[in-house]
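Chemist: sequence and predicted structure below; questions after.
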Amino acid sequence: MEAIGNTPVVRLGRVFADANVVAKLEFMNPGGSIKDRMVRAMLRKLPPQAGRVVEASSGNTGAALAMASAVLGLDCEVAVPVATSREKIRRIEAYGATVRVCDGERGPDYQETALDIARQGGAHHLDQYRSALNSQAHYGDTAPELWAQMEGQIDVFVCGVGSGGTISGIGRYLKERNPAIRVIGVEPLDSAYRKLVTDLPANGEFSSAIEGVGKGCASPVFEPAVVDDVVQVPDEEALAWIHRLAREEGILAGGSSACVAAGIARLLPTLGNARVVTIFPDSGAFYLSKYF
Ligand code: PMP
């Protein structure tokens, strides 16, 4: 658990050769994603008698919780959406946790399923999509680490949005240090967050093959007040970047990292020579069977 954090920052000097773009490689956490940090912070508040934990996850929070549960001797159950990659499901199971794959079209979706398990079985529910501890973990841990590594040399923070915990916690911290820093979210087409920030009307129904970012229904964890703009990227454009990052930068990152890289590529013409910082939440190794 103490190996969580202190992830490196790397300049994307090949794909963004004429710009100044740095990515913090959160897939280098021991559980494989940025969610290790949030789960560690949440388990510090776990009621002492709790022996069972449950969570709804697109896979990474589940793996972080399964890893921590192995360390702490907790029973762990994770509800994931049916579209979750095989590697992510097997990774959760490898730590000894139970996975419930939920097809929201045929029955309760993964968030409802986690709520049901918590209600019926007395398991402690982390509830990342509603808990204030989600963004607080990034405010108290990820953000100060990033600020110190960059020595405050940040003009624009660009971040994928799933629950909104990462962008809200880091964005709030950065703006407190320097109110001139711009905070920009990236999400797939027709996701729910852009309209909270820009008042643009909703388009079609949300549907994306990119795991971890985008929601049909916005999570209350997302803080519109700290986000200046949200860019939407079509899946095909995001997925082209998963290959560019691997082949040109040697960074095997996941689909949400690729989505944010595509968003940065769209934004760069408007950013001049701004110092841009982003987060790569998880690894492409979790999507080998899906995207590669
Ligand atoms: N990318 C991936 C791969 C994720 O698993 C998540 C978490 N759902 C995110 C991005 C988004 O992070 P957050 O929930 O903090 O908005």
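Modeler: It's in. Everything numeric in this text was worked out from a predicted model, so none of it was measured. Numbers count the residues shown, from 1 in each chain.

Chemist: where does residue 204 fall, secondary structure wise?
Modeler: Using DSSP states H and E, residue 204 sits in no helix or strand.

Chemist: typo on my end, it should be residue 77
Modeler: Following DSSP H and E, one finds residue 77 within strand 75-81.

Chemist: that strand - contacts with which helices or strands?
Modeler: Here strand 75-81 touches strand 52-56, helix 60-72, helix 86-94, strand 98-102, helix 110-121, going by 3 or more Cβ pairs under 8 Å, 6 or more residues apart in numbering; DSSP states H and E. All C-beta atoms are positioned from the backbone trio N, CA, C, and that covers glycine.

Chemist: export those to a markdown table and tack on mean neighbour count?
Modeler: Putting the helices and strands packed on strand 75-81 into a markdown table (neighbours: other Cβ atoms under 10 Å) gives the following:
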| stretch | mean neighbour count |
| --- | --- |
| strand 52-56 | 25 |
| helix 60-72 | 25 |
| helix 86-94 | 18 |
| strand 98-102 | 17 |
| helix 110-121 | 17 |
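
Chemist: to residue 130, which of those lies closest?
Modeler: The minimum distance between residue 130 and these falls on helix 110-121, with 9.4 Å, by Cβ to Cβ.

Chemist: ok, and what's touching that closest one?
Modeler: Helix 110-121 has contacts (Cβ atoms under 8 Å, 6 or more residues apart in numbering) with 52, 54-57, 77-81, 100, 102, 104, 108, 123-125, 127, 129.

Chemist: same check on stretch 235-243?
Modeler: 15, 188-189, 208-210, 253-255, 257-259, 261-262, 265, 284, 287, 291-292.

Chemist: give me the buried subset of those residues.
Modeler: Among the contacts of stretch 235-243, those buried by neighbour count (16 or more other Cβ atoms under 10 Å) are 15, 188-189, 208, 210, 253-255, 257-259, 261-262, 265, 284, 287, 291.
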